[in-house]
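In: here is a sequence with its predicted model. Questions after.
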Amino acid sequence: MDNGSTLESRLKEMRDRIAAACLRAGRSVESVRLIAVTKNHSAGTVQRLIDLGVHDIGENRVQEIESKRPHLKGDFTMHMIGHLQTNKAQKVWPHVGWIQSIDRERLIERLESIYTGGPKKRALVEVNTSGEESKSGCNPEECEKLCELVAQSKALELRGLMTIGPLGGDERAVKGAFQKLRELSEKYCSQIGAPELSMGMSGDFEWAVEQGSTMVRIGTALVGER
């Protein structure tokens, strides 16, 4: 999508829908952050979003972060939201403020090994709460250990949890997966003052808001398919 006016209207629609979902859930609209997911879209489209006041950009692939980030300017933070291979950890490190896909001990160890000082990266432990084999994320039984490892890390700052709702799931299944993440957060992120819950995408973010999401990752509904 390159039409600026269409992008602006879609952004307004997403913000209005988030606000309405917050109202239904009895929450403040300020409690939910919009992460604009710009997979397969140009740096120019990302820059227009930033210029429209979007402060959080999510990318699934290290290669896209590397190619786009140097061309972007303004007040924004880049989030790595896709599966992160250990051999690409060093490439993504300089370009992101958040890593939302911490899903295994080996990745934590790799990020520790490349850390040379400076600010920690804000991190979310990704949990596969739906049990789908095709999806990344740790098993719920592994969540506690990974949270402890991130909390003890010199390179990472534990900020909460992330999940992807069941692909093609009905409302009950999707809300159940989101509720599971919230329950895990209450168990294993209690040391954080206000844990983040990154859950909800274009097709289910309103249900996620009802279940306590603080970050919704919206791509297709905002920028269209590419």
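Out: Ah, there it is.

In: how about the longest helix along the chain as PDB, C-alpha atoms only?
Out: What stands out as the longest helix in the chain, according to DSSP state H, is helix 4-25. Below are the C-alpha coordinates for helix 4-25, written out as PDB (Å, rounded to 0.1, in the frame of the first residue of the first chain):
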ATOM      1  CA  GLY A   4      -0.900   8.000   1.800                       C
ATOM      2  CA  SER A   5      -4.500   8.900   2.300                       C
ATOM      3  CA  THR A   6      -5.600   5.300   2.400                       C
ATOM      4  CA  LEU A   7      -2.900   4.500   4.900                       C
ATOM      5  CA  GLU A   8      -4.000   7.400   7.100                       C
ATOM      6  CA  SER A   9      -7.700   6.300   7.000                       C
ATOM      7  CA  ARG A  10      -6.800   2.700   7.800                       C
ATOM      8  CA  LEU A  11      -4.600   3.800  10.700                       C
ATOM      9  CA  LYS A  12      -7.500   5.900  12.000                       C
ATOM     10  CA  GLU A  13      -9.900   2.900  11.700                       C
ATOM     11  CA  MET A  14      -7.500   0.600  13.600                       C
ATOM     12  CA  ARG A  15      -7.100   3.200  16.400                       C
ATOM     13  CA  ASP A  16     -10.900   3.600  16.600                       C
ATOM     14  CA  ARG A  17     -11.400  -0.100  16.800                       C
ATOM     15  CA  ILE A  18      -8.800  -0.400  19.500                       C
ATOM     16  CA  ALA A  19     -10.400   2.400  21.400                       C
ATOM     17  CA  ALA A  20     -13.900   0.800  21.100                       C
ATOM     18  CA  ALA A  21     -12.500  -2.600  22.300                       C
ATOM     19  CA  CYS A  22     -10.900  -0.800  25.300                       C
ATOM     20  CA  LEU A  23     -14.200   0.800  26.100                       C
ATOM     21  CA  ARG A  24     -16.000  -2.500  26.000                       C
ATOM     22  CA  ALA A  25     -13.400  -4.000  28.300                       C
END
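
In: tilt between the helix or strand just after that helix and helix 4-25?
Out: With elements assigned by DSSP states H and E, the helix or strand that comes after helix 4-25 is strand 33-37. Here strand 33-37 runs at an angle of 140 degrees relative to helix 4-25 (axes from the mean of the first three to the mean of the last three CA atoms, to 10 degrees).

In: now do strand 33-37: which elements does it pack against?
Out: The contact analysis (3 or more CB pairs under 8 Å, 6 or more residues apart in numbering; DSSP states H and E) places strand 33-37 against helix 4-25, strand 56-59, strand 215-218, helix 220-223. Using the backbone N, CA and C atoms, a C-beta is placed for each residue, glycine as well.

In: tell me the mean pLDDT for it?
Out: The average pLDDT for strand 33-37 rounds to 98.

In: what about it, distance to the chain center?
Out: Relative to the chain's own centre, strand 33-37 is displaced by 8 Å; criterion: CA atoms, centre = their mean, to the nearest Å.

In: just checking: what are the partner strands of it?
Out: Counting by DSSP bridges, the strands paired with strand 33-37 are strand 56-59 (parallel), strand 215-218 (parallel).

In: and of these, who's closest to Thr86?
Out: The closest approach between Thr86 and any of the strands paired with strand 33-37, judged by CB to CB, belongs to strand 56-59 at 17.9 Å.

In: which parts of the closest one are buried?
Out: For strand 56-59, burial by neighbour count (16 or more other CB atoms under 10 Å) applies to 56-59.
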